[in-house]
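**Q** what's the 3D shape of this:
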Amino acid sequence: MTLRVLVASIVLLFGSTLFLLGQDQLSYAKAYEQSGDLRSAARIYLELFDASPTNAAAFEGLVRTFDGLKQYSGLLPLIEKRFKAVPSRTTALLASAACLKIGKVEAAEQWWSKVRDLGNDGSAAWAAIARQQSEFFLNDRAIASYLTARSKSDDDLDFALELSLLYSTTGQVAKAAEEILKAHQQQGELALTYGRLSALMTSDTASTAVGSVIMSATNIAEINFIKQWYYRHTGQWEQALIITKELDAESGQRGSEMLMFADAARAEGAYDVAIQAYGLLIDSGGDRHVSLSAAYGIAQTLDQKVRSAQTIDKAVATAVVERYNSIAAAYSEHPLSADAMYRAAVLMDDVLGKTREAIELLTKLINRWSGTTASVDGALRLADLYLSVDQVEGALSALAVADADRNPMNSERRDLARLRRADIVLFQGNKDSARSMYASLAASPGSPAANDALEKIALLMLEQDDSVGVNGIVRGLHALSRRKTEEASRIFVATVSEARDNEIRDRSRIEAAQCFVKLGQQEAADSQLVAILDRIPDTIYGDKALIITADVLERRGDVQGAIAALTSLLVQYPRSILAPSARERIRKLRGDA
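**A** You can find the predicted model right below:
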């Protein structure tokens with residue numbers, strides 16, 4: 001072996017040994033870091049880095065550990081050393097971040113200049129700087145950097161979403177809206193665009209600014225949809241209708257956009273505009289199905305308008321019933337006619353007091369449209385009407401029809417029919433049989449019928465301790481089933497005085513309060529509710545009392561009072577079955593939904 005070969009072998013062996021030793025040190029450092037001993041890890045990483053500034057693993061470990069120890073001043077010269085050894089845009093950005101963390105903005109500017117130099121002053125380099133400036137809340141600088149990045153790119157839509165967020169943060173609503181529209185051109189997601197624009201509209205001034213941008217926008221796909229959304233969102237339904245006419249004309253299916261708009265207007269309570277929109281569909285003389293939906297929509301809208309009015313106009317209600325009847329006659333083979341018949345009967349019963357005519361119409365509905373949801377609903381309503389005129393056999397026959405329906409969609413309605421049959425058995429004095437029927441319903445928890453059945457079982461279990469109180473509630477409920485509200489109120493008030501059990505007394509107070517609200521005797525209702533509210537949280541009926549209180553306050557126009565009552569329910573009775581609906585009502589009252 002020559003001397004030269006021997007020396008080369010020794011050098012290779014020594015180098016390999018150093019490499020293995022370095023790998024061992026790196027493993028130790030990582031183990032310390034993972035255990036949380038950042039100082040020991042940093043010491044080893046530093047030894048390795050000092051030995052070789054090009055050691056990427058050692059440098060990355062240094063950055064992590066020094067950052068974890070918040071030793072930014074000590075980290076900065078190490079980053080500078082790494083940059084001299086291996087210049088890169090990433091390292092320059094690490095240096096600028098370290099400068100910002102110790103408050104040296106001018107020094108960060110010098111490093112950003114290096115980032116631009118390494119990136120050939122291109123769009124990507126400016127965007128990287130902008131992202132870092134945004135992370136450190138240097139919003140004005142970030143906006144300027146993103147705009148420069150856009151100017152150096154081939155696409156005027158680049159960085160639209162980033163700019164929209166920055167403009168929004170700095171209160172530049174109009175510019176934020178412009179960028180959101182640019183982002184829409186890139187993404188084409190209307191739902192996202194609506195949500196982003198809505199987030200900007202935190203005041204009337206902001207809403208006006210967003211509207212100005214939308215209305216002046218050109219060459220943007222789906223801009224008419226966005227305009228329609230804006231008008232609907234701000235309650236400008238007449239303007240929304242004008243835009244919808246254009247959208248409907250552009251649609252491949254004439255009438256589809258107008259029908260969706262009319263349904264939305266009705267759902268939002270813009271009844272007059274909804275009627276106009278439905279009327280346009282009928283006047284167009286287009287598709288028969290669209291015409292039927294529009295005719296039915298007008299009837300529904302008028303129905304809702306009648307019910308929402310403080311004073312119900314019976315003449316208008318009669319006109320709505322006639323509309324429903326005309327739809328049922330004109331489209332007698334279409335399933336919507338079944339629903340029209342049902343709704344007409346409900347109006348006859350609830351508003352016009354025409355019990356006999358309602359019974360006749362519901363009977364016709366059940367015979368003609370057997371197996372439909374409308375017929376099952378009709379059978380349940382028919383049973384109520386028969387009970388109101390003391391025709392128990394007729395009620396049982398109607399409930400048998402509902403119970404015999406096998407449509408899986410009507411399972412809850414079948415349970416309601418069985419619940420009402422159990423109630424009739426209870427009112428007839430057969431408590432044991434009624435208890436057995438309630439137990440069968442309660443075996444499938446979660447449905448409205450099951451919850452009511454459980455309450456009835458709980459009531460009957462108290463009979464041994466307080467038969468007077470239980471019998472009083474049963475008699476009151478029987479009176480309610482016959483629509484004898486005033487008689488029921490007297491029975492419940494008497495039961496409050498006669499019952500021994502606190503639970504029965506509170507149940508009687510709830511029932512009495514509901515009767516008084518229905519009778520318009522608000523002071524009497526308040527006295528019953530206060531007696532329960534004063535016992536919260538010791539009473540199990542506090543959640544119901546708070547719901548009734550919220551209803552009363554909302555009708556009086558005291559929105560804040562209603563929200564307070566519902567909030568109290570969520571605090572005092574978080575597991576109540578009424579809690580989900582209370583949350584939703586709070587959202588609506590606050591205007592969140």
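**Q** rest of the way, CA atoms for contacts and neighbours
**A** Noted.
**Q** just the pLDDT for F492.
**A** If you check F492, the pLDDT there is 96.
**Q** name the helix or strand of this structure that has the lowest mean pLDDT.
**A** helix 3-35 (a mean of 60; mean pLDDT, DSSP states H and E).
**Q** figure out how far whichever helix or strand comes after it is from the centre of its chain.
**A** Counting by DSSP states H and E, the next helix or strand C-terminal to helix 3-35 is helix 38-51. Distance of helix 38-51 from its chain centroid, counting by C-alpha atoms, centre = their mean, to the nearest Å, is 52 Å.
**Q** please apply the same query to stretch 121-138.
**A** The answer for stretch 121-138 is 36 Å, by C-alpha atoms, centre = their mean.
**Q** averaged pLDDT, it. What do you get?
**A** In this model, stretch 121-138 has a mean pLDDT of 94.
**Q** surely I282 and A294 touch.
**A** Yes: here I282 lies in contact with A294, judged by C-alpha atoms under 8 Å, at a distance of 6.4 Å.
**Q** neighbour count: the two, which is higher?
**A** A294 (25 against 20; other C-alpha atoms under 10 Å).
**Q** look up which helix or strand the more buried one falls in, please.
**A** Assigned by DSSP H and E, A294 belongs to helix 288-308.
**Q** which helices and strands does the helix or strand that comes right after that helix pack with?
**A** Counting by DSSP H and E, the next helix or strand C-terminal to helix 288-308 is helix 314-330. For helix 314-330, the packing partners by 3 or more C-alpha pairs under 8 Å, 6 or more residues apart in numbering; DSSP states H and E come out as helix 288-308, helix 336-347.
**Q** looking at those, which is closest to S251?
**A** Nearest to S251, of all the helices and strands packed on helix 314-330, is helix 288-308, at 14.3 Å by C-alpha to C-alpha.
**Q** which outside residues touch the closest one?
**A** With contact meaning C-alpha atoms under 8 Å, 6 or more residues apart in numbering, helix 288-308 is reached by 255-256, 259, 262-263, 266, 271, 274-275, 278-279, 281-282, 285, 312-313, 316-317, 320, 323-324, 327, 331, 336, 340.
**Q** list the contacts for I532?
**A** I532 makes contacts with D506, R509, T539, Y541, G542, A545, as judged by C-alpha under 8 Å, 6+ apart.
**Q** redo that, cut-off 7 Å
**A** D506, G542, A545 (C-alpha atoms under 7 Å, 6 or more residues apart in numbering).
**Q** buried residues, the helix or strand hosting the first one. List them.
**A** Secondary structure assigned from DSSP H and E places D506 in helix 502-519. Buried residues in helix 502-519, defined by neighbour count with 16 or more other C-alpha atoms under 10 Å: 503-517.
**Q** check stretch 70-89 too.
**A** Those would be Y72, L75, L76, L78, I79, E80, R82, F83, R89, for stretch 70-89 by 16+ other C-alpha under 10 Å.
**Q** could you single out the nearest of those to E584?
**A** Y72 (48.5 Å).
**Q** for the helix holding D506, name the packing helices and strands.
**A** Under the contact criterion of 3 or more C-alpha pairs under 7 Å, 6 or more residues apart in numbering; DSSP states H and E, helix 502-519 touches helix 485-498, helix 522-533.
**Q** and the closest residue to S388 other than its chain neighbours, what are its phi and psi?
**A** Of all residues not flanking S388 in the chain, R482 sits nearest, at 4.0 Å (C-alpha to C-alpha, 6 or more residues apart in numbering). Note on R482: backbone dihedrals following degrees, to the nearest 10 are phi -100, psi 10.
**Q** which residues does the nearest residue to A450 once chain neighbours are set aside contact?
**A** Ranked by C-alpha to C-alpha, 6+ apart and with sequence neighbours excluded, the top spatial neighbour of A450 is A442, at 4.5 Å. Shown in contact with A442 (C-alpha under 7 Å, 6+ apart): A450, A453, L454.
**Q** extract the C-alpha trace of the helix holding D506 and format it as CSV.
**A** This file holds the C-alpha atoms of helix 502-519, laid out as CSV (Å, rounded to 0.1, in the frame of the first residue of the first chain):
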residue,chain,number,x,y,z
ASN,A,502,-95.8,21.3,44.4
GLU,A,503,-95.2,19.7,41.0
ILE,A,504,-98.9,19.4,40.4
ARG,A,505,-99.5,23.0,41.5
ASP,A,506,-96.8,24.2,39.1
ARG,A,507,-98.2,22.1,36.3
SER,A,508,-101.7,23.6,37.0
ARG,A,509,-100.2,27.1,36.9
ILE,A,510,-98.6,26.5,33.5
GLU,A,511,-101.9,25.2,32.1
ALA,A,512,-103.8,28.1,33.6
ALA,A,513,-101.3,30.7,32.2
GLN,A,514,-101.7,29.2,28.7
CYS,A,515,-105.4,29.4,29.0
PHE,A,516,-105.3,33.0,30.1
VAL,A,517,-103.0,34.0,27.3
LYS,A,518,-105.4,32.4,24.8
LEU,A,519,-108.3,34.3,26.4
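**Q** quick one: it to helix 522-533, angle?
**A** Relative orientation of helix 502-519 versus helix 522-533 (axes from the mean of the first three to the mean of the last three C-alpha atoms, to 10 degrees): 160 degrees.
**Q** neighbours around E60, how many?
**A** 12.
**Q** can you tell me the element it falls in?
**A** Per DSSP H and E: helix 56-68 holds E60.
**Q** ok, the nearest residue to Y438 once chain neighbours are set aside to R435 distance?
**A** Closest residue to Y438 apart from its sequence neighbours, by C-alpha to C-alpha, 6+ apart: A453 at 4.9 Å. Taking C-alpha to C-alpha, to the nearest Å as the measure, A453 falls 9 Å from R435.
**Q** ok, now Q276?
**A** To R435, Q276 is 53 Å away according to C-alpha to C-alpha.
**Q** which of the two has more neighbours?
**A** Set side by side, Q276 and R435 show more neighbours around R435, with 21 against 15, by other C-alpha under 10 Å.
**Q** after the strand or helix carrying the more buried one, which helix or strand is next?
**A** Here R435, judged by DSSP H and E, is contained in helix 431-442. Downstream of helix 431-442, the next assigned helix or strand under DSSP H and E is helix 448-461.
**Q** report the angle between that next one and helix 502-519.
**A** For helix 448-461 against helix 502-519, the angle by the same axes, to 10 degrees is 130 degrees.
**Q** and the helix or strand just after helix 448-461, what other elements does it pack with?
**A** Of the helices and strands lying after helix 448-461 in sequence (DSSP H and E), the nearest is helix 467-481. If you count contacts as 3+ C-alpha pairs under 7 Å, 6+ apart, helix 467-481 packs onto helix 485-498.
**Q** okay, now the unreliable bits of this structure?
**A** Within the chain, the stretches with pLDDT under 70 are 1-23, 252, 286, 592-593.
**Q** switch to 80 and redo it
**A** Low-confidence segments of the chain (pLDDT under 80): 1-24, 221, 251-254, 284-288, 309-312, 445-446, 591-593.
**Q** follow-up on the earlier one: so which of the helices and strands packed on helix 314-330 is the most surrounded?
**A** Of all these, helix 336-347 has the most neighbours on average by mean count of other C-alpha atoms under 10 Å, namely a mean of 24.
**Q** now it - C-alpha only, CSV.
**A** Taking Å, rounded to 0.1, in the frame of the first residue of the first chain, the C-alpha atoms of helix 336-347 are listed here in CSV:
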residue,chain,number,x,y,z
LEU,A,336,-101.1,20.0,-4.0
SER,A,337,-104.9,20.0,-4.1
ALA,A,338,-104.9,17.8,-1.0
ASP,A,339,-102.8,20.3,0.8
ALA,A,340,-105.0,23.1,-0.4
MET,A,341,-108.1,21.3,1.0
TYR,A,342,-106.3,20.8,4.4
ARG,A,343,-105.3,24.5,4.6
ALA,A,344,-108.7,25.7,3.7
ALA,A,345,-110.2,23.5,6.4
VAL,A,346,-107.7,24.8,9.0
LEU,A,347,-108.6,28.4,8.1
